[in-house]
Each structure stands twice: as C-alpha cells, then as structure tokens.
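Undergrad: 3D, please:
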Amino acid sequence: MTEKSLPGLLTPEAALHRLADELAARFTGVFARETVDRYVFESYTALRRTAKVTTHLPALTARFATERLTALAQAKGAITTDVPEVLFVCVHNAGRSQMAAGLLNAHAAGRVHVRSAGSLPSAQIDDAVTEAMAEVGVDLGAEFPKPLTDDVVQAADVVITMGCGDACPVYPGKRYLDWSVRDPAGLSVGEVRAIRTDIDTRVRALLAELVPSVTPS
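TA: Have a look, this model is predicted:
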C-alpha cells in the first residue's frame, strides 16, 4: 500500500488491521482470523483498482468486507435471515443495478434484503442516475460500485442480471432473472427517468411476488 495517511489519521494498512480486529471479534465462532484478514485485504484491493480518490477507501472497505462476510455466513448457514435476499448485477454497478437496489429497498421497507454488484465496476455511480433517483426520494449518495463476488451470489435467493450476461456465476437453488434494461451511462437525466420508470415497474412486480403483503410506497 502506497497511500499516505493524513496527519493524525491511521495509515491505510493500520486501518485495515484495525478493521480486521473488529470483524474478527464480530464473527467469532463463525470465521477463523485468517479468513477475516483475507476478506478485508482482498476487499480493499478490489475497491482500490477503480478508486479515483483513496482517502475514503478504508471506510468503504469496512462496508464491503462486512457485507461479504455476512453474505458468506448466510450462505454457510451460520447466520439466518427471515427475509428474501435479492442481488442485482449489471456491468458497472453504477446505474441499473444501483437504481433497482435503491427502489426495492425503498418499496420493501426492510422486508427484503438487497445487494448490488458489478462484473466490471466503475469508479463511481453515474451523476445522472444519482440525480434521477433523488427526484423520487432515493438517496444514492452513500452508495458505491462493488465488484461481483461469489459470496454475495451464494447468499442470494434471487439473482437479477441487468447486462452482465455470463459474467454472473450460477449456483443451484437460486432463482435467476435477466432484465433487459437500457444502460443509463452517458444519458441525460431525462433519459434516465424513463429507465427509472421501467426498473420501478419491474421492482414493484418482483416485490409483489416475494412479499405479497407489502404495498409499495
């Protein structure tokens, strides 16, 4: 790691070791320390490949590594959940899959757990996508593109691809759907609104199947 820390802040390596300590304690009895270390440093390396600014990488790594370890624990049966698990996948995780995840989260109100990932993640979410989603009250400001990993696929009940094609691994027992949705990359906010409407219609129909008792907002 070559990044330098700001005065008074931990170096990236020290921050990652502290994160590994915290996650090792959190997942005591579930994962060996070696597994936690590997996930933390692999997650950091994966995010660093596309990062334009590295200042916030340790914080993003904490979220990404925690999500991956939680997914792996779910896949192994060490953590149980009573809500459906949905994974949205597109190529860059900067548009379609982020929009779908944000809309499903908003409509489901906690009755579905949602993840998103990209087969070739971008450095950041498209600005027009963030703006169009904010118009309907879905804030993507804290979200970031994440690489597609086996653990999140294994933890999912439903995997929905939106342009990644064969890049998404296939596991038995999962429900796979493919939504043919236009890629918003490089489009205007007006054009992204139409994509948002398309995705929202699909998300509402999916939610009605997964949790019939929920009325989308």
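Undergrad: tell me the centre residue of this structure?
TA: Ser116 (3.4 Å; CA atoms, centre = their mean).
Undergrad: max-length helix in the protein?
TA: Ranked by residue count under DSSP state H, the longest helix found in the chain is helix 189-210.
Undergrad: helices or strands next to that one in the packing?
TA: helix 96-108, helix 127-134, strand 158-161 (3 or more CB pairs under 8 Å, 6 or more residues apart in numbering; DSSP states H and E). For glycine as for every other residue, the C-beta is placed from the backbone atoms N, C-alpha and C.
Undergrad: helix or strand next in line after the first one, which one?
TA: Spelled out, that is helix 96-108. Downstream of helix 96-108, the next assigned helix or strand under DSSP states H and E is strand 113-118.
Undergrad: let me know the angle separating that next one from helix 189-210.
TA: Angle between the axes of strand 113-118 and helix 189-210 is 140 degrees (criterion: axes from the mean of the first three to the mean of the last three CA atoms, to 10 degrees).
Undergrad: what's strand 113-118 in contact with?
TA: With contacts defined as CB atoms under 8 Å, 6 or more residues apart in numbering, strand 113-118 is touched by 67, 71, 81, 83-94, 97-98, 100-101, 104-105, 108, 145-149, 152, 155-156, 164.
Undergrad: now do the domain split for the protein, please.
TA: Domain ranges of the chain: 12-80, 83-211, per the TED database.
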